[in-house]
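**Q** Coordinates for the following, if possible.
(2 chains)
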Protein chains: 2
Amino acid sequence: MARARTARTFTKGTRTRQRIVEQAAALFNTRGVAGASIADVSLATGLEKGGVYNHFETKEALALAAFDYAAKLIREAIEGAVEGEVRPLDKLEAMIGVYRRLPGKPFIAGGCPLLNAAVDADDTNPPLRARVRRAMDRWRGLVAGIVRDAVAAGDLPPLDADALADGTIATLEGGVMLGKLYGNPIHLERAADHVTSHLRLLARSRPGVA
Amino acid sequence: MARARTARTFTKGTRTRQRIVEQAAALFNTRGVAGASIADVSLATGLEKGGVYNHFETKEALALAAFDYAAKLIREAIEGAVEGEVRPLDKLEAMIGVYRRLPGKPFIAGGCPLLNAAVDADDTNPPLRARVRRAMDRWRGLVAGIVRDAVAAGDLPPLDADALADGTIATLEGGVMLGKLYGNPIHLERAADHVTSHLRLLARSRPGVA
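**A** So this is what the prediction gives:
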């Protein structure tokens, strides 16, 4: 009986923690860490402030957990899209497709958490900045790896895969920024088209292609 | 005598206002509007809080003036670089060069104010968002106009100038984000190279070019 109760309490505590993280992720992604307080998280979750502090001692600790949660949502969406494809260039198109679908089917309110947290944390929040770098390292590594496969398969000419990964991610994230600024997905569409067009021009520039 | 005194007071007031705007621009560009207070501006300028409020009734009003100031610095740098060139593709390269020089010679602490204010304001600050849109409209219009000139001159193939302007700006602003996130200008360099390489591939893809 005592055991069952402990298990139930644990489960309830885990669920409450997850509810806090999800609401905080949306709040911080929309307003920035400085722009949202534990009181806002309390309001969004319907918990007392003390209930939030039971799970996270500081707003900063909650912000890290919230970012990890948001970054995981995006990572799973991108990795899921990539796994469905065989050819490297199709994998890159599938990635770009995840961005194209963002405005209609956002993972989380407020746009891309990598972009938001990067701009939010770069000058002010070293622990969050370190998390964003780690998430961005993984994202850049995934793109660069697929680019290397595309070069090895002869689908792209020899090139600097890390540089193309950076250029690709910069274009897509800048497109998210423009789309959000104007409240119009056409700007993100154009950025996605830009990336696709660049890959096609590169493919056509391979040695031996007329 | 009374007249001279009024003029001197006016000049002193104007200078104080300008000092407030400059310090606030650096603060807001680094920490976001939510992350910096009038007390921070007071500290940075050495003025009493009341002295700041003499010039700006609210932090929000100061944030608008600070953004306008920061956007003007960038606009002047870009327009100055463009005016020094004759051929459209050289004008685009000159623009890209302004971004390349940003990390070594920033106009203002905290990175690109268009990017920062866009991400800061998109969900939370409609008046600031309207200012950023206006500045971005002007920037996109400048790039699209030069692209149209390049197409008319036969230096680029027929294409959607507004789309290429969006893709170019998205890539550069995304590159600023990556460079700031990593504290390493190589990521911005790669984004700038990406834009240059895209323009060259487009130029080579003109009808009639082998």
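**Q** Is it correct that A:Val41 is in contact with A:His55?
**A** No - the criterion here is Cβ atoms under 8 Å, and A:Val41 misses it with A:His55 at 10.2 Å. Quick note: C-beta positions are derived from backbone N, CA and C, even for glycine.
**Q** More neighbours: which of these two?
**A** Each of A:Val41 and A:His55 has its neighbours counted (other Cβ atoms under 10 Å in any protein chain shown); A:Val41 has more, 24 against 18.
**Q** buried residues in stretch A:42-54?
**A** Neighbour-count burial for stretch A:42-54 flags A:Ser42, A:Ala44, A:Thr45, A:Leu47, A:Val52 (criterion: 16 or more other Cβ atoms under 10 Å in any protein chain shown).
**Q** Can you list the low-confidence ranges for chain A?
**A** A:1-10, A:210 (pLDDT under 70).
**Q** Let me know the closest of the buried residues of stretch A:42-54 to chain B.
**A** Set against chain B, the nearest of those by Cβ to the nearest Cβ is A:Ala44 (14.4 Å).
**Q** Mind listing what's buried along the longest helix anywhere in chain A?
**A** Across chain A, the longest stretch assigned as helix under DSSP state H is helix A:2-31. Buried positions in helix A:2-31, judged by neighbour count with 16+ other Cβ under 10 Å: A:16-17, A:20-31.
**Q** now for the buried residues of stretch A:42-54, which pair is the farthest apart?
**A** Pairwise distances across the buried residues of stretch A:42-54 (Cβ to Cβ) peak at 9.8 Å, for the pair A:Ala44 and A:Val52.
**Q** where do the contact lists of these two overlap?
**A** Residues touching both A:Ala44 and A:Val52 (Cβ atoms under 8 Å, 6 or more residues apart in numbering or on different chains): none.
**Q** Need the phi and psi values for A:Arg206.
**A** Dihedral angles of A:Arg206 (phi, psi; degrees, to the nearest 10) stand at phi -60, psi 150.
**Q** Could you do A:Gly104 as well?
**A** Torsion angles, degrees, to the nearest 10, at A:Gly104: phi -80, psi -30.
**Q** Quick one: residues contacting it.
**A** If you count contacts by Cβ under 8 Å, 6+ apart, then A:Gly104 has A:Pro185 around it.
**Q** Same check on A:Ala36?
**A** A:Ala24, A:Leu27, A:Phe28, A:Thr30.
**Q** Name the nearest of the buried residues of helix A:2-31 relative to chain B.
**A** A:Thr30 (4.5 Å).
**Q** Can you flag which of the buried residues of stretch A:42-54 belong to helices?
**A** A:Ser42, A:Ala44, A:Thr45, A:Val52.
**Q** Make CSV from those and add distance to B:Val132 to it.
**A** Formatted as CSV, these follow (distance: Cβ to Cβ, whole Å):
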residue, distance to B:Val132
A:Ser42, 31
A:Ala44, 27
A:Thr45, 31
A:Val52, 32
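**Q** Looking at the residues you listed, spot the one nearest B:Ile96.
**A** For these, the nearest to B:Ile96 is A:Ala44 (42.3 Å; Cβ to Cβ).
**Q** Would you agree the closest one is in contact with A:Phe28?
**A** No - between A:Ala44 and A:Phe28 there is no contact under Cβ under 8 Å: 10.9 Å.
**Q** Which residue comes closest to A:Ala26 once chain neighbours are left out?
**A** A:Ala109 (4.3 Å; Cβ to Cβ, 6 or more residues apart in numbering or on different chains).
**Q** any idea of the angle the strand or helix carrying A:Leu128 forms with helix A:2-31?
**A** Assigned by DSSP states H and E, A:Leu128 falls within helix A:126-152. Computed by axes from the mean of the first three to the mean of the last three Cα atoms, to 10 degrees, the angle separating helix A:126-152 from helix A:2-31 equals 80 degrees.
**Q** Quickly note the distance from A:Leu47 to B:Glu83.
**A** Applying Cβ to Cβ, to the nearest Å, the value for A:Leu47 to B:Glu83 is 58 Å.
**Q** same question but for A:Arg131, I mixed them up
**A** Relative to B:Glu83, and taking Cβ to Cβ, A:Arg131 is found at 43 Å.
**Q** out of these two, which sits in the more crowded spot?
**A** Each of A:Arg131 and B:Glu83 has its neighbours counted (other Cβ under 10 Å); A:Arg131 has more, 18 against 10.
**Q** ok, the more buried one - contacts?
**A** Applying Cβ under 8 Å, 6+ apart, the residues near A:Arg131 are A:Leu64, A:Phe67, A:Asp68, A:Ala71, A:Ala117.
**Q** hmm, 10 Å instead?
**A** By Cβ atoms under 10 Å, 6 or more residues apart in numbering or on different chains, the contact set of A:Arg131 is A:Ala63, A:Leu64, A:Ala65, A:Phe67, A:Asp68, A:Ala71, A:Ala117, A:Ala121, A:Asn125.
**Q** wait, isn't A:Phe107 in contact with A:Ala70?
**A** Yes - between A:Phe107 and A:Ala70 there is a contact under Cβ atoms under 10 Å: 7.2 Å.
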